[in-house]
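# Sharing a sequence plus its predicted fold:
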Amino acid sequence: MKTKEQVIEDLKKSLVEAKTRISAMQEEIRSLQASDAAAVDDEAPEEQTTHRVSSHNLDSIHERYNRVLDILREERCSMANAFRLARCPRSTIRDFVAIAELKIVDAREHELVTRDHSGSVQQLEQACRKRLRRYQPMMAAMRRESRLLPLKFDPRFYE
């Protein structure tokens, strides 16, 4: 049987762990809010300034895509459940899927596109779509092997 002091010590440890988790969650919320604010900024072209897109700006896109893909592989669940478990809106992946997939399909090509690009993230996504056109057969095989999300696109998507 535990003494009062042991119970109090255990509760203090639990409290410290909870505070640490809360801090991590608050940081994730701030990060998500910042990325959502960036998405809203991309939607307002009259206020948009042209700046160079760096790979650092794209990290959240790649992380979210990979998180959903990993959950889909590990849990063998539906796409809807994978997005829910990843706490990632489907629209986030949909809006930037070409950027994430080009990095998986051909990282060197992705690096060339991002290095040479100066414009918005949405313009970068359009450029990545055009580059992905030549990889469509390889991407179909990668989708069957669960190396890409099982999404289907109209051929006009790559134009």
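That came through fine. Fair warning: this is a prediction, and the values are worked out from it, not measured in the lab.

# Would you map the helices across the chain?
4-43, 55-75, 79-86, 90-105, 107-116, 121-132, 136-144 (DSSP state H).

# Of these, which is nearest residue 150?
helix 136-144 (5.4 Å; Cβ to Cβ). Yep, even glycine has a C-beta here, placed from its N, CA and C like the rest.

# Just list what the closest one packs against, helices and strands only.
Here helix 136-144 touches helix 90-105, going by 3 or more Cβ pairs under 8 Å, 6 or more residues apart in numbering; DSSP states H and E.

# Between helix 55-75 and the helix it packs on, find me the angle.
If you take axes from the mean of the first three to the mean of the last three Cα atoms, to 10 degrees, helix 90-105 sits at 100 degrees to helix 55-75.

# tell me the centre residue of this structure?
The centre of the chain sits closest to residue 64, judged by Cα atoms, centre = their mean, with a distance of 2.3 Å.

# measure that one to residue 81 for me?
Using Cβ to Cβ, to the nearest Å, residue 64 is found at 16 Å from residue 81.

# Would you map out the domains in the protein?
4-41, 57-158 (automatic domain parsing).

# Burial-wise, tell me which of these comes out on top.
Ranked by mean neighbour count under mean count of other Cβ atoms under 10 Å, the domains of the chain are led by domain 57-158, which reaches a mean of 16.

# Quick one: mean pLDDT for that domain?
For domain 57-158, mean pLDDT is 89.

# which ones are touching the nearest residue to residue 62 once chain neighbours are set aside?
Nearest non-adjacent residue to residue 62, counting by Cβ to Cβ, 6 or more residues apart in numbering: residue 100, 5.5 Å away. For residue 100, the contact set (Cβ atoms under 8 Å, 6 or more residues apart in numbering) comprises 61, 62, 64, 65, 66, 93.
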